[in-house]
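Student: take this sequence and fold it.
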Amino acid sequence: MRIGGGIEKEYHNPDEWLRLVKDLGYSAVLCPVDSRSDGQTRRAYLRAARDADLVIGEVGVWRNCLSKNDRERKAAMEYAKAQLALADEMGANCCVNIIGSHSDKAWDGFSAENYTKDFYALAVDSVREIIDAVKPRHTYYSIETMPWMVPDSPESYVRLIRDVARDGFAVHLDFVNMINCPERYCNSMEFIKHCFDTLGPFICSVHGKDVLMEQAYTTLIHETMPGKGSLDYKKILAMVDKLGPDMPLFVEHLPDHETYREAVTYLRAQAEEAYVFIK
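Tutor: Modelled structure (predicted):
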């Protein structure tokens, strides 16, 4: 398996980028450019990644393809298509986005409308449109699992895969995002194993975070960095490892370069204790 994460320091060329990647101990990387970059720049970063034996795990979209604002939705859809084409060009494991939201407060916010039949039908159609426009051959379009929108469980992801019905669609697993209630928190390792058992053949990238629930009312569940919560990462790393030698696990949402290095150092130490090989 491979480990990667965000880069919180500026870089201006492949050499500067590679120095940061090596300092952080990454063997998998998020795509260092987006679809607005020119071809020469993309090829330079791709060559640098290949020469350093790095897997480009994700090209992110992070736009609301289901916005109720028609102009925002159309712009997000076009960007998603461009990012998927970039992922295909760069040979990334996947192009990833959330499904989208009808929230009036946040592009990734919760809303009662996110659970309607019309929303789900639009979600399926949007994923199909993105994949059909690009027809990727070297990557997949994927949707990150989330707490309050489709897919929010392994079962809902299986349904989404069936209904999208495209070979270019795969699973982006963020198990922490789905630990969204006390029952799943108290039985977190059983739930995570269920995620891997159910979705394993379809997983193309994984997010690695941790989780803590407060003894407070009504229910307060917090995301935190690996090693600062309640999850058993020796067991989790063994699950990721079974998905293949180049499967990436990405840490995320950390504040700075040093914290990312700390998280990766922790994961590598846990892997060593669990006899899991990380490139």
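Student: going forward, measure contacts and count neighbours with C-alpha atoms only.
Tutor: Will do.
Student: residue 196 and residue 171, how far apart?
Tutor: To residue 171, residue 196 is 11 Å away according to Cα to Cα, to the nearest Å.
Student: the strands in the stretch 101-250 of the chain, which residues?
Tutor: 141-144, 169-173, 203-207, 210-213, 221-224, 248-251 (DSSP state E, counting those that start in this stretch).
Student: please identify which of residue 196 and residue 171 sits among more neighbours.
Tutor: Neighbours were counted for residue 196 and for residue 171 using other Cα atoms under 10 Å; residue 171 has more, 27 against 20.
Student: once you drop chain neighbours, what's closest to the more buried one?
Tutor: Using Cα to Cα, 6 or more residues apart in numbering and skipping residues adjacent in sequence, the residue nearest residue 171 is residue 203, 4.5 Å away.
Student: help me confirm that the one you found comes into contact with residue 175.
Tutor: No. Here residue 203 lies out of contact with residue 175, judged by Cα atoms under 8 Å, at a distance of 11.8 Å.
Student: gap between residue 199 and residue 260?
Tutor: 27 Å.
Student: specify the local secondary structure of the spatially closest residue to residue 26 that is not a sequence neighbour.
Tutor: Spatially, and ignoring its direct neighbours in sequence, residue 26 is nearest to residue 4 (4.7 Å; Cα to Cα, 6+ apart). Counting by DSSP: H, G, I helix; E, B strand; the rest coil, the backbone at residue 4 sits in strand.
Student: you'd agree residue 4 is up against residue 247?
Tutor: No. Shown here, residue 4 and residue 247 do not form a contact pair, counting by Cα under 8 Å, at 10.5 Å.
Student: which one's more surrounded, the two?
Tutor: residue 4 (28 against 22).
Student: tally of neighbours for residue 162?
Tutor: Residues within reach of residue 162, counting by other Cα under 10 Å, total 11.
Student: and stretch 137-152, what's buried?
Tutor: Buried residues in stretch 137-152, counted by 16 or more other Cα atoms under 10 Å: 139-152.
Student: between all of those residues, which two are separated the most?
Tutor: 139 and 148 (26.5 Å; Cα to Cα).
Student: how about the nearest residue to residue 233 once chain neighbours are set aside, secondary structure?
Tutor: Distance criterion Cα to Cα, 6+ apart; nearest residue to residue 233, sequence neighbours excluded, is residue 270 at 6.6 Å. Recorded secondary structure, residue 270: helix (three-state DSSP).
Student: quick one, phi/psi of residue 108?
Tutor: Here the main-chain torsion angles of residue 108 (degrees, to the nearest 10) amount to phi -120, psi 30.
Student: related to what we said a few turns ago, comparing residue 199 and residue 260, which shows the higher neighbour count?
Tutor: residue 260 (24 against 18).
Student: my guess is that one meets residue 253, correct?
Tutor: No. Residue 260 is beyond contact range of residue 253, at 9.1 Å (criterion: Cα under 8 Å).
Student: quick one: common contacting residues for these two?
Tutor: residue 6 (Cα atoms under 8 Å, 6 or more residues apart in numbering).
Student: can you list the buried residues of stretch 137-152 in JSON lines and add distance to residue 35 and pLDDT?
Tutor: JSON lines is the format used below for the buried residues of stretch 137-152 (distance: Cα to Cα, whole Å; pLDDT from 0 to 100):
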{"residue": "139", "distance to residue 35": "15", "pLDDT": "98"}
{"residue": "140", "distance to residue 35": "16", "pLDDT": "98"}
{"residue": "141", "distance to residue 35": "15", "pLDDT": "98"}
{"residue": "142", "distance to residue 35": "17", "pLDDT": "98"}
{"residue": "143", "distance to residue 35": "19", "pLDDT": "98"}
{"residue": "144", "distance to residue 35": "20", "pLDDT": "98"}
{"residue": "145", "distance to residue 35": "24", "pLDDT": "98"}
{"residue": "146", "distance to residue 35": "25", "pLDDT": "98"}
{"residue": "147", "distance to residue 35": "28", "pLDDT": "97"}
{"residue": "148", "distance to residue 35": "29", "pLDDT": "96"}
{"residue": "149", "distance to residue 35": "26", "pLDDT": "96"}
{"residue": "150", "distance to residue 35": "26", "pLDDT": "97"}
{"residue": "151", "distance to residue 35": "26", "pLDDT": "98"}
{"residue": "152", "distance to residue 35": "29", "pLDDT": "98"}
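Student: thanks a lot, catch you later.
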